[in-house]
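>>> make a model of this:
(chains A and B)
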Amino acid sequence: MNATTKRPVFLDLFRIKLPAAGIMSIVHRITGVLMIFATPVLVWLLDRSVSSADGFAGVAAFLGSGAGLLLVFLGLWAVFHHLFAGLRYLLIDMDVGVDKPLFQQTALAVLVSAPVVAAIVTGVLR
Amino acid sequence: MSRQASGFKAWVIQRVTAVYIALFVIYAMVHFAVSAPADVVAWRAWIASPVVSMALLLFFAALLMHAWIGIRDVLIDYVHPLSLRVVVLSAFATALIGTGLWVAQVIFLVRVAG
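Presented below is the predicted three-dimensional model:
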């Protein structure tokens, strides 16, 4: 490690520009971690919804409420970002989209399409 | 666990589970869009059907494996003190196993009751 300390280090976070693929990558990680925390919530909703008619009605009413729909939208945004970024990584594993213009364009496409698809699916499911 | 699922093997598991999770999530979304369950009876009947209950169990198994490999990669990148890393990894492992047992119990109970 000591041999590398003479390298020039530039870590001015306000002047470093993270490209689209970098933003997409860190959001892939963040959505993954968030969905791990969401999993017990999902299981709790499943447990409540099958427990009784009242439980089912309660979960349905919550998911149909304003706060519930917002959570569904945010959850689907995380799902679609993680899914589309994952598909992009699978394509890169197969040597598709490795080079520069397409590499950045597909990353931008993931960032933009995930919230759009999440909004459409939330509208369809409500 | 980390020795059994390290390197190339973890890489393969992450991709195989990802494909199954993606297919199941898309199937579930299409199902809810086309025929959302009207009441608890219809909802329980869907979960209790042999194919759906197995597919659902497999989905959560794949999801928890995928979550474990993912969180392990993230923690190894960002949590460097070994003792803290072991504590945090153990906490996630316990929570993931607990979640898996919980959801398996929910699905089994619905399946048994019909």
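>>> how about the strand or helix carrying B:F8, does it reach chain A?
Using DSSP states H and E, B:F8 falls within helix B:7-34. Yes - using CB under 8 Å from any CB of the partner chain, helix B:7-34 reaches chain A at B:15, B:18, B:22, B:25, B:29, B:32-33. For every residue, glycine as well, the C-beta is placed using N, CA and C.
>>> which of those residues has the most neighbours?
Greatest neighbour count in the residues of helix B:7-34 next to chain A, by other CB atoms under 10 Å in any protein chain shown, goes to B:A18: 19 neighbours.
>>> please name the nearest non-neighbouring residue to that residue.
Spatial nearest neighbour of B:A18, excluding adjacent residues (CB to CB, 6 or more residues apart in numbering or on different chains): A:G86 at 5.3 Å.
>>> again, but for A:G68
Nearest to A:G68 is A:F62, by CB to CB, 6+ apart, at 4.6 Å.
>>> quick one: that neighbour and A:V72 touch, right?
No - under the criterion of CB atoms under 8 Å, A:F62 is not in contact with A:V72, lying 10.0 Å apart.
>>> and the helix holding B:F8, average pLDDT?
For helix B:7-34, mean pLDDT rounds to 96.
>>> which strands and helices lie in contact with that helix?
Counting by 3 or more CB pairs under 8 Å, 6 or more residues apart in numbering or on different chains; DSSP states H and E, the packing neighbours recorded for helix B:7-34 are helix A:66-93, helix A:100-125, helix B:50-78.
>>> out of the ones you listed, the one nearest B:V87 is which?
Closest to B:V87 of the helices and strands packed on helix B:7-34, according to CB to CB: helix B:50-78, at 10.4 Å.
>>> burial measure for the one residue in chain B that gets nearest to chain A, as a count.
Minimum separation of chain B from chain A (CB to the nearest CB) falls at B:V40, amounting to 3.7 Å. Using other CB under 10 Å, B:V40 has 19 neighbouring residues.
>>> which SSE is the nearest residue to it once chain neighbours are set aside in?
Leaving aside its sequence neighbours, B:V40 sits nearest to A:F56 (CB to CB, 6+ apart; 3.7 Å). Following DSSP H and E, one finds A:F56 within helix A:53-64.
>>> which elements pack onto that helix?
helix A:20-51, helix A:66-93, helix B:40-48.
>>> pull the CA atoms of stretch B:65-73 into PDB?
Only the C-alpha atoms of stretch B:65-73 are listed here, as PDB (Å, rounded to 0.1, in the frame of the first residue of the first chain):
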ATOM      1  CA  MET B  65     -29.800 -15.700  -1.800                       C
ATOM      2  CA  HIS B  66     -29.500 -12.800  -4.200                       C
ATOM      3  CA  ALA B  67     -29.800 -10.400  -1.300                       C
ATOM      4  CA  TRP B  68     -27.100 -12.200   0.700                       C
ATOM      5  CA  ILE B  69     -24.500 -12.100  -2.100                       C
ATOM      6  CA  GLY B  70     -25.400  -8.500  -2.900                       C
ATOM      7  CA  ILE B  71     -25.200  -7.200   0.700                       C
ATOM      8  CA  ARG B  72     -22.100  -9.200   1.300                       C
ATOM      9  CA  ASP B  73     -20.400  -7.500  -1.700                       C
END
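>>> close to chain A, is that stretch?
Yes - with CB under 8 Å from any CB as the criterion, chain A is reached by stretch B:65-73 at B:67, B:70-71.
>>> among these, which one has the most neighbours?
B:A67 (23 neighbours).
>>> now B:V86. Its backbone dihedrals?
With angles defined as degrees, to the nearest 10, B:V86 sits at phi -60, psi -40.
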